[in-house]
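Peer 1: The sequence and its predicted three-dimensional model are supplied below.
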Amino acid sequence: MPASQQRARRDRRRLLIAAAIYVPALLAADAYADTSGAGILAFMPALGAGLAMMLFAVAAVRHGDELQRLVHLEALAFAFVGLAVVCLVLAILPTPAGGELPEGIRWIHLWILLSTLWCVGLGAAHWRHR
Amino acid sequence: MKNRLRELREACGWTQSELAELLDVSRQTVHSIEKGKYAPSLPLAFKISRIFERAIEDVFSDEDA
């Protein structure tokens, strides 16, 4: 297996480990959002595994070959524009107080949507270049 | 852009994975180039032509030319 492939595989494995730590930490922080010290709790996932996840995601792109970089770029563009469209729709929806998310929708839902769009984009880009 | 990558690779008796290893890219990249779905960068195109000991024009050609 080429060295670049080994690096990319190692980065993907690290990203999955970081995500496996980050997502439960984020959900726990969200569950205790109304308790005292919620601010610190909410920040914990971002400081720890969140930062690691960001670094590994960047490393995965940096260590890939040129086609893999293109695949990542297409996936990120898809996720970015998809989330931008959803945010725009939410922004123009009539809400009781301007600038707030509609009832039933929370910020964490947008994060979940972003990661879902990223995964869908990755799958589509891989399929296109298969 | 058309290319003779598959023809040259098969003439050398290499699999896509073996060529990918020589080029330090993924097998998917070799496959996409062979299928004409992906046009490689200039450095990669030069690397490919060097491996087959050919001029770059012998491996890649412009479809409009």
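Peer 2: Received it, and whenever you're ready, just let me know what you need.
Peer 1: which bits of chain B sit near chain A?
Peer 2: Contact residues (CB under 8 Å from any CB of the partner chain) of chain B with chain A: B:17, B:20-21, B:23-26, B:28-29, B:31-32, B:37-38, B:40-41, B:44. For glycine as for every other residue, the C-beta is placed from the backbone atoms N, C-alpha and C.
Peer 1: In helices, which of the residues you listed fall?
Peer 2: The members of these that map onto helices under DSSP state H are B:S17, B:A20, B:E21, B:L23, B:Q28, B:T29, B:H31, B:S32, B:L44.
Peer 1: Nearest the middle, which residue of chain A would you pick?
Peer 2: Nearest to the mean C-alpha position of chain A, counting by CA atoms, centre = their mean, stands A:S115 at 3.9 Å.
Peer 1: how close does A:F56 sit to A:A25?
Peer 2: 15 Å (CB to CB, to the nearest Å).
Peer 1: Of the two, give the one with the bigger neighbour count.
Peer 2: Taking neighbours as other CB atoms under 10 Å in any protein chain shown, A:F56 and A:A25 compare with A:F56 leading, 21 against 18.
Peer 1: just to revisit the earlier point, show me the contacts for the residue nearest to the centre of chain A.
Peer 2: By CB atoms under 8 Å, 6 or more residues apart in numbering or on different chains, the contact list for A:S115 reads A:A79.
Peer 1: Check for me that it belongs to a helix.
Peer 2: Yes - looking at A:S115 with DSSP: H, G, I helix; E, B strand; the rest coil, it is inside a helix.
Peer 1: for A:A124, phi and psi?
Peer 2: Dihedral pair for A:A124: phi -70, psi -40, per degrees, to the nearest 10.
Peer 1: and if you look at B:N3?
Peer 2: phi -150, psi 160.
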